[in-house]
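J.: Below: sequence and its predicted model.
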Amino acid sequence: MHALVRTAPVCPTPTLGSPVAWTSSAGSTVPAPPVGTRDLLPPEAFDRRTLVHSVAEVFELHGYALVTTPPFELADTIERGLGADPRETLRFVDPETGEVCVFRPDLTVQVARLVASGLRERPAPLRLYYEGHVLRVRRGRARRQRQIAQIGAECLGIAGAAGDAEIVELASKSLEQVGLSHHVEVAAV
């Protein structure tokens, strides 16, 4: 067993941006995370948290409430909700139940399940938001990462153009909050 050793000076309060390299006491480097995933180190982790908090603040100011869902879901739920090809999800058998599960490839289906099961008695409209990581199988040249950060909002119970307009406005205000210039185009298909 090798112990981890810091190769940068130890300081009582780490500062953002201070590089810290880790090696084992045997001199070899510590293994990298799985292919298609990555660690976020300071200051990138801090920047991501700040970005999420800024967007969440906009959502909350517009009456959206945070919900969280498990990192994995029953395969049937995800495949029915997304129409997902089973080969596109990271699957495993739950050792306790024997059920086939998948690591969530998207948060939207889980929020729909949560609404249908735990919030169905609540009066409409429901304004919910979520954030977390999803895991997807890498297919094709466009998908370099398997681990993807997601934040989103769902407005349930306001049908048609009014509900769509609310979400478009929320997205626009979120982009403004984080300093991104943007242009919204809406097209009927």
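T.: Arrived safely. Numbers count the residues shown, from 1 in each chain.
J.: Could you pull up the contacting residues of residue 100?
T.: By Cβ atoms under 8 Å, 6 or more residues apart in numbering, residue 100 lies in contact with 74-76, 91-94. Backbone N, C-alpha and C define where each C-beta goes, glycine included.
J.: what about residue 128, which helix or strand?
T.: strand 126-135 (DSSP states H and E).
J.: Quick one: name whatever helix or strand follows that strand.
T.: strand 147-156.
J.: Give the next helix or strand downstream of that next one.
T.: Next element after strand 147-156 (DSSP H and E): helix 160-177.
J.: counting contacts, what elements does that following helix pack onto?
T.: helix 44-61, strand 147-156 (3 or more Cβ pairs under 8 Å, 6 or more residues apart in numbering; DSSP states H and E).
J.: and the shortest one, average pLDDT?
T.: The average pLDDT for strand 147-156 rounds to 95.
J.: try the longest one
T.: Over the span of helix 44-61, the pLDDT mean works out to 97.
J.: Most neighbours among the contacts of residue 100, please name it.
T.: Among these, residue 75 has the most neighbours (other Cβ atoms under 10 Å), with 18 neighbours.
J.: re the thing from before, the strand holding residue 128 to strand 147-156, inter-axis angle?
T.: Per axes from the mean of the first three to the mean of the last three Cα atoms, to 10 degrees, the angle that strand 126-135 makes with strand 147-156 is 160 degrees.
J.: Alpha carbons only: can I get strand 126-135 in CSV?
T.: What follows is strand 126-135, C-alpha atoms only, in CSV (Å, rounded to 0.1, in the frame of the first residue of the first chain):
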residue,chain,number,x,y,z
LEU,A,126,-44.9,23.2,-10.6
ARG,A,127,-41.6,25.0,-11.1
LEU,A,128,-38.7,22.8,-10.4
TYR,A,129,-34.9,22.9,-11.1
TYR,A,130,-32.1,20.4,-10.8
GLU,A,131,-28.4,20.2,-11.2
GLY,A,132,-25.9,17.4,-11.2
HIS,A,133,-23.7,15.1,-13.3
VAL,A,134,-24.9,12.6,-15.8
LEU,A,135,-23.0,9.8,-17.4
